[in-house]
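# okay, sequence plus prediction incoming.
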Amino acid sequence: MSEAKKREDGLSDLDTADVDRWVGKPLGGAQIKDPVHVNDIRRWAQGMQNPNPLHYDDDYAAESVFERVVAPQSFAVCTDTSHGAGPAIQGVIPGQHMIFGGDEWWFFGPRILPGDVISFDRMLYDYKISETKFSGPTMFSRGDTSYINQRGQVVCKQRSTSVRYLAENARKLGLFNDNVERSWTDQEIEDLEKQKLDYYQSFRDLGHEKRLFVKAGDVLPTRPIGPHSIASFTTEWRSYLMTVWGAAIESGETSTMAAGWLPEMSRDEEGAKIDPSNADGLYKGPSRGHVQPRYAQLIGLPRGYGYGASMGAWIVDYLSNWGGEWSFITHSNMQYRAPAFTSDATFLNGEVVDVSHDDPSGQPIATVKVVMTNQDEAVMAQGEAEVMLPSP
């Protein structure tokens, strides 16, 4: 790799010379070795702070249309070994780091159940370079992952956007330098907890019934999450199957783990042969900045921050909980603008902007606009999704 060129503004250009050869190339990568267990689904619901009993309570789920515990649609990303972002992190860019820029999902019908084995087709789709306030020259790279069950059925397809940038540029620009820890009063915490219970009650009230009579202008209940903490982010991380020691096996060609990470953010594969935490990602590796502030600051962020894949899961769960067990998300396209930081709270709000009755299935399709904000109403993510609703 050649050294990145310095610009007149003091920032360094991205060296993308190694990226082009990966575009459109079928990729390998790690695969989870074991079938999905019902406790994997329960742990996912717990990690995503989604107490929908359909995903953990045997008695409740037995009375549902599925007649058993079923994975939420968001669970697909839990079965992958790179949050679905691996295909979008191909080619070496020296000194780079990455954050999630968005996810587009197409869901095709099969639900993930205990006992399923999921495999993947992966490919780097495309990329572009843009100027950003966060890091100057920045790559927006899109990669595709198709999730396929043991019956050969394509469960869903994810097009993940990775924001690849030079850590030194982000530190120089210091976009988040003024972002400080927020303090919450006892009353504010109490009010937030009540908001959460009100939200949980909204899908409990729907229960096993169908979501009917939906119209444009309908407003979804607010979903609060947080305040986020090192503990909550760690709980999220541990709900991903890939984080379990020995859970995955590598096969095929991919450059995700050799993408140009800083030495401090790289995995120690040799050391991991004795102590797996050396390649764990959270303790040592690209994800350590999520829960270790010194490494968050190394890559241009102020403190511990959440996972883009979890933000996507929060949104998919939000839509699924509103639609109920008789509904099905067919498509979701969300752009992520800022991470969830420790001490912040997150709020999801949605509105039905259209209801179409032209789908060949004969079922109505609701288009829902979703906006995710923090406690200061700064937009963290937004986009639209299509939810297939039940017929009367």
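Received the coordinates, thanks.
# rest of the way, CA atoms for contacts and neighbours
Noted.
# tell me which residue lies nearest the centroid of the chain.
Nearest residue to the geometric centre of the chain (C-alpha atoms, centre = their mean): Ala309, 1.1 Å.
# which strand or helix spans that one?
helix 308-323 (DSSP states H and E).
# helices or strands next to that helix in the packing?
Packing contacts for helix 308-323, counted by 3 or more C-alpha pairs under 8 Å, 6 or more residues apart in numbering; DSSP states H and E, involve strand 96-107, helix 186-206, strand 328-336.
# so what's Pro224 bridging to?
Phe347 (DSSP bridges).
# quick one: contacts for it?
By C-alpha atoms under 8 Å, 6 or more residues apart in numbering, the contact list for Pro224 reads 192, 195-196, 199, 345-348.
# and the furthest pair within those residues?
Among the contacts of Pro224, the pair separated by the greatest distance (C-alpha to C-alpha) is Tyr199 and Ala345, at 14.8 Å.
# quick one, strands of the stretch 151-300 of the chain?
Secondary structure of the stretch 151-300 of the chain, counting by DSSP state E, counting those that start in this stretch: strands at 154-166, 223-225, 248-251.
# just send the ones you listed back as a markdown table, with distance to Gly47 and mean pLDDT too.
Output for the strands of the stretch 151-300 of the chain, formatted as a markdown table (distance: least, C-alpha to C-alpha, whole Å; pLDDT from 0 to 100):
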| stretch | distance to Gly47 | mean pLDDT |
| --- | --- | --- |
| strand 154-166 | 21 | 97 |
| strand 223-225 | 12 | 98 |
| strand 248-251 | 20 | 88 |
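# those: which one's closest to Thr16?
strand 154-166 (10.4 Å).
# state the paired neighbours of the closest one in the sheet, together with their directions.
strand 96-107 (antiparallel), strand 136-148 (antiparallel).
# pull stretch 326-342 out as CSV, backbone CA atoms only.
Extracted in CSV, the C-alpha atoms of stretch 326-342 (Å, rounded to 0.1, in the frame of the first residue of the first chain):
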residue,chain,number,x,y,z
TRP,A,326,-49.8,-11.4,11.7
SER,A,327,-47.7,-8.7,9.9
PHE,A,328,-44.4,-9.0,8.1
ILE,A,329,-41.8,-6.4,7.2
THR,A,330,-41.0,-6.8,3.5
HIS,A,331,-38.5,-4.0,3.0
SER,A,332,-36.7,-1.5,5.2
ASN,A,333,-34.2,1.2,4.1
MET,A,334,-32.6,3.1,7.0
GLN,A,335,-29.7,5.6,7.0
TYR,A,336,-27.7,6.1,10.2
ARG,A,337,-26.4,9.6,11.0
ALA,A,338,-24.9,9.4,14.5
PRO,A,339,-24.2,6.6,17.1
ALA,A,340,-25.9,6.1,20.4
PHE,A,341,-23.4,7.2,23.1
THR,A,342,-23.2,6.2,26.7
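# buried residues, that stretch. List them.
By neighbour count on 16 or more other C-alpha atoms under 10 Å, the buried set for stretch 326-342 is 326-342.
# likewise for stretch 141-161?
So, applying 16+ other C-alpha under 10 Å, buried residues of stretch 141-161: 141-149, 154-161.
# mind checking the end-to-end distance for that stretch?
5 Å (C-alpha to C-alpha, to the nearest Å).
# relative to the whole chain's centre, how far out is the helix or strand of the chain with the lowest mean pLDDT?
Least confident helix or strand of the chain, by mean pLDDT, DSSP states H and E, is strand 248-251 with a mean of 88. On the basis of C-alpha atoms, centre = their mean, to the nearest Å, strand 248-251 sits 21 Å off its chain's mean C-alpha point.
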